[in-house]
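Colleague: this one's sequence-less:
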Ligand SMILES: Nc1ncnc2c1ncn2[C@@H]1O[C@H](COP(=O)(O)OP(=O)(O)OP(=O)(O)O)[C@@H](O)[C@H]1O
Ligand SMILES: O=P(O)(O)OC[C@@]1(O)O[C@H](CO)[C@@H](O)[C@@H]1O
């Protein structure tokens, strides 16, 4: 079984604005809402790819109810801990460029955190736990390291996709997969990642620090994979980009969906890129058919 954990879910509110101007009244059009937060996106894409999974984390308020109902309507198993604060709303503004405004998230109490830890301690050996997204400000920034220790002790495969301080703190833990984007990787090593070669160089450093599989996503430029015995890069397919929110999460789902069937990192990486790009070419997250349509366009090349 695959579990996802979203400490800080969100309702993603997407709004189009022509020529957005700061400090002015801007009129938006074509609004849409999606259940969001990185782990929830991973769960939604896994389900669409035909992989059963269970979503964990915290939900509260009217926004929490919305997410709960949406996940149920998509037949995604979930067991969120109810909190008193409201789950955040993240604004995604589509103008000549995409602008995101993500809230800090509600307060999480110690008792609520303990409840989540009990759920995670009960995950069976051989299962997978995907911890994705930011850590709410009331939760310790080393919380993912705590989860990594529990998973290591219980032989659970632990996957992380996060940024900033939470990313810094997780390095050195035993990880099955880590998927920073090239900006996050650059920030981590106080450098700028300009090429596939740079990404492989710093990806290898992450690998040596305890990650079995490392994927560095590079938006429209594709991605790099660094594993124990092999490294690859692949360009992203070209297409009409509609929405890149959740593209990275779709990669994680694509990789897990293919790897758990084949144990073949090259195939899983190809499927990961196709899943990320299929989401970039969709209004919402990708479907299995979207991924199938572009899979053959993803050419995976070895790097020495
Ligand atoms: N403009 C694009 N065209 C084609 N594919 C894209 C584009 N943007 C993203 N992708 C695909 O999605 C993958 C992940 O994208 P990206 O590096 O933007 O992830 P991310 O920054 O983690 O995204 P997010 O945090 O929004 O989920 C890329 O490796 C690529 O396969
Ligand atoms: O604020 P965080 O937790 O870093 O990111 C949250 C978020 O931007 O990530 C997802 C896309 O990856 C969106 O659904 C969501 O709004």
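Modeller: Sure thing, it's come through. What you are looking at is a predicted structure, and each value in this text was computed from that prediction instead of being measured. Ligands and ions are numbered 1, 2, ... in the order given.

Colleague: how far away is residue 87 from residue 59?
Modeller: Residue 87 sits 5 Å away from residue 59, going by C-beta to C-beta, to the nearest Å. In this view, the C-beta of every residue, glycine as well, is placed from N, C-alpha and C.

Colleague: Now do the shared contacts for the two.
Modeller: Common neighbours of residue 87 and residue 59 (criterion: C-beta atoms under 8 Å, 6 or more residues apart in numbering): 9, 67.

Colleague: So which of the two has more stuff around it?
Modeller: With neighbours defined as other C-beta atoms under 10 Å, residue 87 and residue 59 compare such that residue 87 has more, 29 against 26.

Colleague: ok, now which ones touch the more buried one?
Modeller: 9, 10, 11, 58, 59, 60, 61, 63, 64, 67, 105, 106.

Colleague: my guess is the fourth one contacts residue 84, does it?
Modeller: Yep, that's residue 58 we're talking about. No. Contact criterion C-beta atoms under 8 Å: residue 58 and residue 84 do not qualify, at 10.3 Å.

Colleague: among the contacts of residue 87, who's most crowded?
Modeller: Most neighbours among these, by other C-beta under 10 Å: residue 9, with 29 neighbours.

Colleague: where does that residue land on pLDDT?
Modeller: For residue 9, the model assigns a pLDDT of 98.

Colleague: Name the nearest residue to it, ignoring sequence neighbours.
Modeller: For residue 9, ignoring the flanking residues on the chain, the nearest one in space by C-beta to C-beta, 6 or more residues apart in numbering is residue 37 at 3.4 Å.

Colleague: same thing with residue 152?
Modeller: Excluding its sequence neighbours, the residue lying closest to residue 152 (C-beta to C-beta, 6+ apart) is residue 174, at 4.7 Å.

Colleague: what number of residues lie near that neighbour?
Modeller: Residues lying near residue 174 (other C-beta under 10 Å) number 14.

Colleague: Look up how far residue 192 lies from it.
Modeller: From residue 174 to residue 192 the distance is 28 Å (C-beta to C-beta).

Colleague: circling back: overlap in contacts, residue 58 and residue 84.
Modeller: Counting by C-beta under 8 Å, 6+ apart, the contacts common to residue 58 and residue 84 are residue 106.

Colleague: So which bits of the stretch 201-304 of the chain are right by ligand 2?
Modeller: Contact residues, the stretch 201-304 of the chain versus ligand 2 (C-beta under 6 Å from any ligand atom): 245, 246, 248, 249.

Colleague: cool, the stretch 1-150 of the chain as well?
Modeller: 8, 10, 12, 36, 37, 38, 41, 90, 100, 102, 133, 134.

Colleague: Run a quick neighbour tally on the fourth one.
Modeller: Applying other C-beta under 10 Å, we find 29 other residues in the vicinity of residue 36.

Colleague: and what of the first one?
Modeller: Residue crowding around residue 8 was assessed by other C-beta under 10 Å; the count is 26.

Colleague: Please name the residues that touch the spatially closest residue to it that is not a sequence neighbour.
Modeller: Excluding the flanking residues, the one nearest residue 8 by C-beta to C-beta, 6+ apart is residue 105, at 4.1 Å. Applying C-beta under 8 Å, 6+ apart, we find residue 105 in contact with 7, 8, 10, 85, 87, 88, 134, 136, 137.
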